[in-house]
Structure formats: structure tokens, C-alpha cells
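Trainee: Need coordinates for the below:
(chains A and B)
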2 protein chains.
Amino acid sequence: MLTDIEIAQNAKMLPIEEIAGKLGIGREWLQLYGDYKAKIRDGLLEHLKDRPDGKLVLVTAINPTPAGEGKTTVTVGLGQAMGRLGKKAVIALREPSLGPVMGVKGGAAGGGYAQVVPMEDINLHFTGDLHAVTAANNLLAAAIDNHIHHGNALGIDCRRILWKRAMDMNDRALRHITVGLGGKANGFPREDGFIISVASEVMAILCLAENLTDLKRRLGRIIIGYNMAGEPVTAGDLKVDGAMAVLLKDAIKPNLVQTLENTPCLMHGGPFANIAHGCNSLIATRTALKLGDYAITEAGFGADLGAEKFFDIKCRYGGLKPSAAVLVASVKALKYNGGVKKDQLACENLAALEAGIPNLKRHVDNIRKFGVPVIVAINRFPTDTPQEIELIREKCRSWGVESAVADVFARGGEGGLELARKLCDLIDREESDFKPVYDVNLPVKDKIERICTEIYGAGGVAYSSRALKDIKTIEEMGMGKLPICMAKTQFSLSDNPALLGAPSGFTITVNEVRLSAGAGFIVALTGDIMTMPGLPKDPAANHMDIDNEGRITGLF
Amino acid sequence: MLTDIEIAQNAKMLPIEEIAGKLGIGREWLQLYGDYKAKIRDGLLEHLKDRPDGKLVLVTAINPTPAGEGKTTVTVGLGQAMGRLGKKAVIALREPSLGPVMGVKGGAAGGGYAQVVPMEDINLHFTGDLHAVTAANNLLAAAIDNHIHHGNALGIDCRRILWKRAMDMNDRALRHITVGLGGKANGFPREDGFIISVASEVMAILCLAENLTDLKRRLGRIIIGYNMAGEPVTAGDLKVDGAMAVLLKDAIKPNLVQTLENTPCLMHGGPFANIAHGCNSLIATRTALKLGDYAITEAGFGADLGAEKFFDIKCRYGGLKPSAAVLVASVKALKYNGGVKKDQLACENLAALEAGIPNLKRHVDNIRKFGVPVIVAINRFPTDTPQEIELIREKCRSWGVESAVADVFARGGEGGLELARKLCDLIDREESDFKPVYDVNLPVKDKIERICTEIYGAGGVAYSSRALKDIKTIEEMGMGKLPICMAKTQFSLSDNPALLGAPSGFTITVNEVRLSAGAGFIVALTGDIMTMPGLPKDPAANHMDIDNEGRITGLF
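Mentor: Residues are numbered from 1 along each chain as shown, chains lettered A, B, ... in the order given. You can find the predicted model right below:
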């Protein structure tokens, strides 16, 4: 089989105007970036406001494992299959971050015959959204130190600055730094650090903003730290909210691209799925709902983090009503959850598979708690045996849950037809009764506990003294009635990455609670959350090349 | 009069396909970025290789002053005037850096009725070239610390790392930092710093590269520091030259935009004019020469730095033969050179003007040393008196030099007709006999001395012991036969910014000599050269805003 980049380079792409045209979007709504990428101009949602929304489908997954679940690949393949069935489907995905592309992760635009293209552009600078987020983040950072340097009229306490600088690169050396060294001309020395750009609150804001005005309002609300009196200081106090919004004027517009089978895909925004909510932009999802009869979107990590935040944060803020969820699992990933070591996953092991299946069951049950109909998609890998696949399907039947095999990596949309058909039937048959899992007006601790017990299966929640103090501060500031964004390991339902399967009765420990006042959520941190990755010993970057005609190799 | 941004927002732009069409470039050569910006695809120069080149005109200036000379404005206005005369002229300019736009400088796309548009886009992210340079720079930086972290097989001496991180922001707090703090997981602590992206050697390389292959070769040659044995370590040794070139695959393509009067403008690249050569890309200049009968370009700072480097570095590397130079001066700037304080420049002062005119004369003489015909453009300001302008013209006549008033800020191309006509006459009348001012095969010190004495008017050159050691190292490495890039204050012909007018007999002190092995020049540093600006007390960013329809205010 060809590599992902070879398949992508052989794709028969249509000019992006044609893709838009099939959705009824005229050329006047497009801001082209080359022939195969376009931004959709501001105002389209307003223009289409009387058009009824399509059906919203969330693609989520079991807890991620080193074996790979292929959530994006299934999302793309499902969109392609819908197209083959003659359904008007629009995919809405997050856009990749450049840093991990240079590291170990590779691209983030699907795989095999279920990819979004142009693959190289999407995985490199795309339409510049990540760079715009970085620039807005760093303008605010520069404004903080500049304000202090020029007299510090706001009385910012340089020991309590929360805002960090950002870079879209995997660079561990920037995690913890000291800035302002070298004397008076360079400002006041202080401790600082860089986060990767997708971890910036600016990215979360971009993905929840309704429009430019709302974007600016949220940017202005960002708390950068505290003054010497202990009061919060905001980006609005520093008067750079306008300039930050100016820097994001194009980044707020959703990007239109296509799959290998010419299915339209809105790829826009990509906040972290731990310290942020991990979904593509609200504007892109709303646009997909207006343009398609089906809007197929995904959320980061497994359903415990991704789907929960999609439902409780994004759908709540955006007034979205998901019609169904596709829960992606793979034989290998379930065997891993059943205790098989990474190098043994290619061998049939029905006992281990059975031992891992409770992880799938827990996520099925969780999605049902949100009142959303669910179908399990088994993403086929070449090493899967018919017996293994049948075991998963049998379990699903016993739970009264629909399942389908997705063979989209190897066969594209053709391999997703069963899934697409069953999904459409499910949506026609079962009415969604969507509701968030907690009332946003509850006290902060009650909301956290509800997520931990209802979704994770925890017996209880423990708080560090710091976390308790953080919660007290946030509630005293009158900011307690915001949704919760859990920052937890993605590898387990618990806060211990080694606890696979479907653990229960464990205690979740909340170490720290942060306020993302601009994005509009409260982040509860459990364990160590890495916001700046490092490069591996042999990074992907070391194998990339380009010839004089611009043909790229080594990107994957 | 309207502000620059108001004039720009009222511009009647043509679709960029039409601008390209007037130059004989079909749609297939364009990579659109919205309706009014495009990159020109690789291969056009090869496609047009048999077409004769147009005439190359350099716009340069006297030493810059706080009064402003308006070099870019004159360049743009001259291009517009050429269009009005029915001449096929193409402008080639540097593209702006975002950092200074947020600081005090404002935009860099001309002014008044002589601007390049779309002004907001050009001054913000444009087509992403600066971001691509930043990313390539920082990938290399991350690769250095990552290599050391993972065992340091190359034996890099972390006390002798020359490569700095980059950001396109004015951020003084990042000038001098320590990185790798916080323990083993974050790498080895060391001193580091950020430079603004335009100061990155990657930008200089992009602007001198012939094509993608040459770009990659130059990137691989970058010396990032030394190993423990004192030998240079390159980006090629770290194996990221390919990935850096991948990141620059679109940045290497020149950007086509237009002026307020629809004159085509290639705006591409923008290296620092002190530690680098300060000219737009060689690819853009070559493209302008193929597409226009006249290619009008500019170089950074005054003629002592900008024109010298344009001639001795860019023209030498690119085999370019400039036909003429336009030397921009203003009454105010010459009065400033004659000793008038900044707040008194609006008052007529013929004595001070006469005292400042020797600065103009020196630059005229210098350009003639390169064998290039020169015309003086007096950029008119509202406070200029007829007597003042006549005094400059009279002096020019006495030197046998053509002069013309450029009133392009207030009147656009119409105000540049005299200049355009006289420039065309000059080119028809005087044959250029272009030659660099030094032989590149001379020893490093001889080349430096030749620039300092011939161009600056110095009596001699003094070297710090460090500079002498640097030169010895460079010559021992066999890299001594590269052109010299002087890093000197732009405000004086000497290395003392307070020494205005036309000083002579002074000594230039070279403190340090660096090798930009990728770009292919040797940088001689005199005085303190700032490679990371700071924001002022009341930065431009604090006044920027955008409304819900995307209309920007406060950008200037």
C-alpha cells in the first residue's frame, strides 16, 4: 500500500470553488488560499440564518492507546461514505498544529484512503490560523512586560503573572525560562515559560467565539495575572484586546478543504483537549450545520474528555443539539486495555479483548447519559481476526447498541458504507434527548464531582489545598458559574494513566484550578499536564525533504 | 487629508489576476491569497528565461532621520508615475515585519497616495512569509537543544551556541533569557535570547536563494555554534535543512500586490539592513526584471548601508546590473543633518539646510563610485518652502546631478511625473558602468577598510581583539572570500549616530565579526546593534480596533 503522503499527492482534488459550489456557496463567499484551500468570509452564517440546521454527529473514541484508534480517519471515511450514499455531509475537524508534525505525531488529517487534502499544506502553515493565534498570544505577553517596564501603572505583580508566551513548535527548552535579563534596557527579570500555541487560551477563545465582537470581548476578559493588591488584571486593562482581534481577523474565518473523495471539510481551530475543550471552532460547526444535511465533527482524546467537553462546554455555549455519536474503537486498542503489551497486539487474543471491552461499554453508557444515540465504529486494522471483530459486535448487540466495521483506511468511503447507513438509520429511528451532565449553576466542586463520578466512574474527588484556594478565589470573583474543563490524562478514565479498562471507585485528585475567563471555563487540573511537548530523539523533521519542484517527502 | 488607512480602504483595487494579466502572467502561475494578493508559482523565471531583462532602478536615501525621508513612499509613487507615463514598471519591495507594526513604526507599505494595498493585510500576516521564517528558525533552535538533550552526539558546546530563537514581535524581555530550566525533563540550562524574525539568517537566506535547491543548500550551511573541539556545527549536521526548506516552500514564492493606482508590486522578503543586507528577495527582483521594462526596488536605511549592500552583496550574488539609482532626500531631513532640532524642522532655515546638504552630496558621490547614474528625488513635505527646495536643486545642478521634486504622498503618481520622466531620460542618456566597490577575494580587513574609507569617509578602521580573533577564525575556516555586511548605525555615515552631515577622518570601530555562512556574507559589527526591538510606552497596538464587519482602525 502507498504511504499517506503518496496517496494524498495522487488525490484528484477539485478546485475549492467547485467544492463550495456543491454546497451552494458562491465564489463571493470565498477567500482563496491557492486552488484547494479557502476561508469562508464573515457573514455567511447571518446570510443563511433562516436555513434549517442539519444533523450534528460527534465522532469520539475509547481511551486512546499507543495502538491507535483512528478517530480522525473514521471521521473522514464516514464523511466520504455519506457522500457515496448521496447524503449531503460536511465534515468539521480541528486543524493540525505544526509542532507535533515536526516531532513524532505526524500529520493530523486522517490516514490511508480517508484523508483531508492538500495534506502537506494542512500539516504545515495551512491558512496561517495557528500563526495568528501565536502572534496574538505573544502580543499580549509583550504588552505585559512592556507595561511593567514603562512604570507598571496597573501595579502588576511580576511574581503572579499567569500568561505565558507561545510557540507552535515542540521545544522543551522553553518550558521554564527566565526573561528580562541583561540589565535595565531589557525590563524586569522574572520567571516565565512557553506553551505550544494550541494550548493558548487565545485558541480556546477563537473556537468558542460567536463573531468578531464576541471574540474581542472574550480576549479582553483574559486574566493575565494579579496586581499587588491581589486583583485580577486583564488583557482589556492592557488595551491590547483590539489589536489581538485585529491579528485574528482572518483566523476566525473557517477553512474549507476536501477529502480524497471530494467531501467538503471545514477544518478550523484546534485547542488542547486537556487544559482546553479540544473541539474545532463553533463557527465552523455552525457553518457545517447550515451547509450540510449532516455535520460530522470530532472531539479530542477519548469520550471521557472529548465528548464530555463537546457536550458540556461547546454544545452548551453554542446551543448545539447533537443527533448522534459515533464511538470509535479498535480491536488492538481494546486488547491493550485488556492488558496486552504493545508488541503483542497483532496476535489474536479473545480473552484480552473481552477483558478490554468494558472500556468501550463505559463510554457507551456515558454517551447515553447525555441523551445522545450512539453507534460503535470498529476501525479495522489488517491484523484483526473475524472472531475478534465478531466478539465486539456481539457485546454491542447485548447492550442494545448498533455497531459497524469501518474499513476506511484501506478502502476509503467504500469501507464506511455500513457505518454510514446504520448511522443514518439510527438518527432517523432514535430521537436525541441531549442534556449536559451538570447544571452550570452548581458550585464548582459539585460540578467537578459530577463529571468525575458520572463520567469517569470515580468514587470521589480529593482536592489539594491549592485547588481549594483556587476554587474559593474563583467563586469569590463571581466566576464560579462557568462550565468545567477537566485536564486529566487521556489514557485512562481515571487520573492514573496506567489504570486501563473500566476502573471504578478510584479517587480523582484535583491539584490546581485555573480560570480561563476569556474562553469562559474553569480548568481543573489533575496530575501533570504537559503544555509544551518536546521533540523525540529522531524527530520527523530529520526525515523531511523537498526537491526543486517543491515535491515534499518524509511528511506523514 | 485622509489618514493612510482611510486612503488605503478607499482604494479601487483590481483583482490580482488582472494585475498579473497586464504583465502577461496567466492565472495558472498564481497562488491566490484572497482576491488581492497572490504568490507566483515556482518556475516562472525558468519559463521566462529568454525574455530580456528590464532596467533595474534602485531607490535609496540619505541617512535616515526622525524627520522621515519617505523612501518607500517615493518608490511606490515613482512606480505609479511610470504607469501614468505608459511605462511598464514593476515595483519590488521588502514586506513588513509584524513586530514594528505593533510598536511605533506603523506600516511599511508607503504612505498617503503612494501606498501598496491591501494595506492591512500587508502589515499584518500578509501571505505568511514572516511566520514561515520564524518557524524554520525555531525548528533549528529546538533541534539544537533537542540534540543536546538526547545525548549530544555532535558534542555541541552549549556555551558557544550562536543560533538564537526568533519571534516577529517587539519584545525586549526576550533579548536575554535562560532556557532549559526546571530539571532533567526540560533539557540543559543555558543562556539564550530571541531576535526579531527579520534578523534571522533564515530571512537573509530566503532573500538570496536562487531556488528551492539553493535555499536548502544555504540552510544546511548555517553555523549554529561550535562543538567542544572548536569546530563549527551546521544545520546540515543536525539534519533539519530539509524540514526548514519544507517550511519555506511557499515563503520562497514572491508575492504580487498592487499600488493605489494598480501598479504591480512584488513584495517579498525583508531582512534587517544592519546585520543582514536589507533588500527584498533576489527571486522577486529577477521576476520584476522579467515582467517589467523597469524594475524599481529599494534597499534599507541610507545609501551608505542600503545601497552599498544592494550593490556589493545582492547585485554581486545575483549578477544584477542596476541602470540607475534614485537618491531620496527631504528638506526636513537635510535641515536635521544641518543641526536643527526635531521640533524646529517645520520652520524655513536655509542656513541649516545648506549645512546639511553635504550629507546628500556624499551619497551622490558614493553611488557614482559604483558606476551607477543617479538622480536626487526631493520628497516634498507641506512645510517645505520654495526657497528650500530650490537650494537643493541648485546644489544638485552644481554637482552635475539631475534632481526632481516628488510630491507623491499628497498627489500619488501625478506628483511623481517629473521624477519618472527625468529618470527615464537619465537611463536612456547615461550608460551604467556598474562595479562593486571591493574585490571579494581581498582579505577580510581590506574589504572592511575599503567600505569604511570609500563609502563612509572614515580615516581608518580599529578592531577589537575579539574582532581580530573572529576574522582569523573565519579566514582559517576558508570562509574569508565572502562579501562584507556592515552592521552600523543608520543615522550617521560614521559609527556614531550623533555625527550628522558628512563627517570624515573618523575611525570606525569593529567590535565583532560574525559569519553568516548560509546567507553567504561576513557581518562586521560596529557599536551596539539591536536585533530585538521593544515596544514604546504607548504602542500602536493599544489603538488598534476592529468592528464586527472586520473594518480595522488604528493601523497606520
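
Trainee: Quick check, pLDDT for residue A:528.
Mentor: Residue A:528 is assigned a predicted lDDT (pLDDT) of 85.

Trainee: where does it fall, helix, sheet strand or coil?
Mentor: Three-state assignment for residue A:528 (DSSP: H, G, I helix; E, B strand; the rest coil): coil.

Trainee: Distance-wise, check it relative to chain B.
Mentor: Separation of residue A:528 from chain B (CB to the nearest CB, to the nearest Å): 10 Å. Every C-beta, even on glycine, is put in place using the N, C-alpha and C of the backbone.

Trainee: Count the neighbours of that residue for me.
Mentor: Look at residue A:528: counted by other CB atoms under 10 Å in any protein chain shown, it has 9 neighbours.

Trainee: Can you tell me, leaving aside adjacent residues, what's nearest to residue A:314?
Mentor: Using CB to CB, 6 or more residues apart in numbering or on different chains and skipping the chain neighbours, the partner closest in space to residue A:314 is residue A:279 (4.9 Å).

Trainee: these two touch, right, that neighbour and residue A:203?
Mentor: No - between residue A:279 and residue A:203 there is no contact under CB atoms under 8 Å: 11.1 Å.

Trainee: Now list whatever residues contact both of those two.
Mentor: Common neighbours of residue A:279 and residue A:203, using CB atoms under 8 Å, 6 or more residues apart in numbering or on different chains, are A:269, A:271.

Trainee: what residues are up against residue A:112?
Mentor: By CB under 8 Å, 6+ apart, the contact set of residue A:112 is A:1, A:4, A:7, A:73, A:408-410, A:412.

Trainee: Turn those residues into a markdown table, columns for secondary structure and pLDDT.
Mentor: Shown next, in a markdown table, are the contacts of residue A:112 (DSSP: H, G, I helix; E, B strand; the rest coil; pLDDT from 0 to 100):
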| residue | secondary structure | pLDDT |
| --- | --- | --- |
| A:1 | coil | 79 |
| A:4 | helix | 89 |
| A:7 | helix | 92 |
| A:73 | helix | 96 |
| A:408 | helix | 97 |
| A:409 | helix | 96 |
| A:410 | helix | 96 |
| A:412 | helix | 97 |
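
Trainee: nearest to residue A:35, of the residues you listed?
Mentor: Closest approach to residue A:35 among the contacts of residue A:112 (CB to CB): residue A:7, at 19.2 Å.

Trainee: wait, the closest one sits on residue A:261?
Mentor: No - the pair residue A:7 and residue A:261 does not pass the contact test of CB under 8 Å, sitting 11.7 Å apart.

Trainee: near chain B, which residues of the stretch 251-400 of chain A?
Mentor: Contact residues, the stretch 251-400 of chain A versus chain B (CB under 8 Å from any CB of the partner chain): none.

Trainee: What are the boundaries of the strands in the stretch 251-400 of chain A?
Mentor: Assigned by DSSP state E, counting those that start in this stretch, the strands in the stretch 251-400 of chain A fall at A:255-259, A:264-267, A:294-298, A:322-329, A:374-379.

Trainee: strand partners of the fourth one, parallel vs antiparallel please.
Mentor: Under the criterion DSSP bridges, strand A:322-329 sits next to strand A:55-61 (parallel), strand A:374-379 (parallel) in its sheet.

Trainee: That strand versus strand A:294-298: what angle between them?
Mentor: Per axes from the mean of the first three to the mean of the last three CA atoms, to 10 degrees, the angle that strand A:322-329 makes with strand A:294-298 is 40 degrees.

Trainee: what's the answer for the last one, then?
Mentor: Taking the same axes, to 10 degrees, one finds that strand A:374-379 is oriented at 70 degrees with respect to strand A:294-298.

Trainee: Distance check, residue A:508 against chain B.
Mentor: 24 Å.

Trainee: Residue A:499 touches residue A:505, doesn't it?
Mentor: No - between residue A:499 and residue A:505 there is no contact under CB under 8 Å: 11.0 Å.

Trainee: neighbour count winner among the two?
Mentor: Ranked by neighbour count (other CB under 10 Å), residue A:499 and residue A:505 place residue A:499 first, with 15 against 9.

Trainee: got the contact list for the more buried one?
Mentor: A:492-493, A:506.

Trainee: quick one on the thing from earlier: present the strands of the stretch 251-400 of chain A as a markdown table; the columns should include mean neighbour count.
Mentor: A markdown table is the format used below for those (neighbours: other CB atoms under 10 Å in any protein chain shown):
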| stretch | mean neighbour count |
| --- | --- |
| strand A:255-259 | 28 |
| strand A:264-267 | 27 |
| strand A:294-298 | 27 |
| strand A:322-329 | 26 |
| strand A:374-379 | 26 |
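
Trainee: and residue B:143, which of those strands is closest to it?
Mentor: Using CB to CB, the strands of the stretch 251-400 of chain A put strand A:264-267 closest to residue B:143, at 27.7 Å.

Trainee: Run through who's touching the closest one.
Mentor: Outside strand A:264-267, the residues within contact range by CB under 8 Å, 6+ apart are A:19-20, A:22-23, A:40, A:76, A:79, A:90-95, A:109, A:116, A:122, A:126, A:254-259, A:280, A:284-285, A:287-288, A:291-292.

Trainee: Looking at those, which are in helices?
Mentor: Mapping the contacts of strand A:264-267 onto helices (DSSP state H) picks out A:19-20, A:22, A:76, A:79, A:122, A:284-285, A:287-288, A:291.

Trainee: check contacts around residue A:468.
Mentor: The contact partners of residue A:468, by CB under 8 Å, 6+ apart, come to none.

Trainee: so which strand or helix has it?
Mentor: Assigned by DSSP states H and E, residue A:468 falls within helix A:465-476.

Trainee: Quick check: what element follows that helix along the chain?
Mentor: strand A:484-487.

Trainee: So what's the gap between that following strand and the chain middle?
Mentor: Counting by CA atoms, centre = their mean, to the nearest Å, strand A:484-487 is centred 13 Å from the centre of its parent chain.

Trainee: Packing partners of it?
Mentor: For strand A:484-487, the packing partners by 3 or more CB pairs under 8 Å, 6 or more residues apart in numbering or on different chains; DSSP states H and E come out as helix A:308-309, helix A:444-450, strand A:521-525.

Trainee: what lines up beside that strand in the sheet?
Mentor: Using DSSP bridges, strand A:484-487 pairs in its sheet with strand A:521-525 (parallel).

Trainee: Just give me how far the strand it pairs with sits from the chain centre.
Mentor: Relative to its parent chain, strand A:521-525 has a centroid offset of 16 Å by CA atoms, centre = their mean.

Trainee: and the helix or strand following it, what's its mean pLDDT?
Mentor: Scanning forward in sequence from strand A:521-525 by DSSP H and E, the next helix or strand is strand A:545-546. In this model, strand A:545-546 has a mean pLDDT of 96.

Trainee: which residues touch residue A:228?
Mentor: Residue A:228 sits next to A:155-157 when contact means CB under 8 Å, 6+ apart.

Trainee: Can you tell me which of the contacts of residue A:499 lies closest to residue A:84?
Mentor: For the contacts of residue A:499, the nearest to residue A:84 is residue A:493 (35.3 Å; CB to CB).

Trainee: any idea how chain A splits into domains?
Mentor: As given by the TED database, the domain ranges for chain A are A:4-127+A:251-429, A:129-248, A:444-525.

Trainee: now the helices for the stretch 51-200 of chain A?
Mentor: Per DSSP state H, counting those that start in this stretch, the stretch 51-200 of chain A carries helices over the ranges A:71-84, A:98-102, A:119-123, A:129-149.

Trainee: Understood, closing this out.
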